[in-house]
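Asker: coords please:
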Amino acid sequence: MRNKLRKSATDKALAGVCGGIAEYFGISSFAVRLIFIVTLPSNIIVYLILANAMADSPRSL
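Answerer: A predicted model of the protein is given here:
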């Protein structure tokens, strides 16, 4: 079964969006953050949409 795209519970900088994308694709969260920074002007709106649309990851004890 494939993982679902969710915000990261452990790798949060702002909202956990980049960490969640990195966990989904199995890559470094630094690489995802770097891509968001390099393409910054256009990705501000995309990041805000993802921060509101992505589900939170289930919390563990």
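Asker: for I21, which non-adjacent residue is closest in space?
Answerer: Leaving aside its sequence neighbours, I21 sits nearest to V32 (CB to CB, 6 or more residues apart in numbering; 5.0 Å). (Glycine included, C-beta is placed from N, CA and C.)
Asker: what lies in contact with the helix or strand hosting V46?
Answerer: Counting by DSSP states H and E, the element that carries V46 is helix 40-53. Residues outside helix 40-53 that contact it (CB atoms under 8 Å, 6 or more residues apart in numbering): 7, 14-15, 17, 21, 36.
Asker: try it again with 7 Å
Answerer: If you take CB atoms under 7 Å, 6 or more residues apart in numbering as the criterion, helix 40-53 is touched by 15, 17, 36.
Asker: low-confidence stretches in this structure?
Answerer: Per-residue confidence for the chain (pLDDT under 70) gives these ranges: 1, 60-61.
Asker: how about the helices in it?
Answerer: Remark: helices assigned in the chain by DSSP state H are 17-25, 29-38, 40-53.
Asker: ok so, going back, buried residues in the helix holding V46?
Answerer: By neighbour count on 16 or more other CB atoms under 10 Å, the buried set for helix 40-53 is L50.
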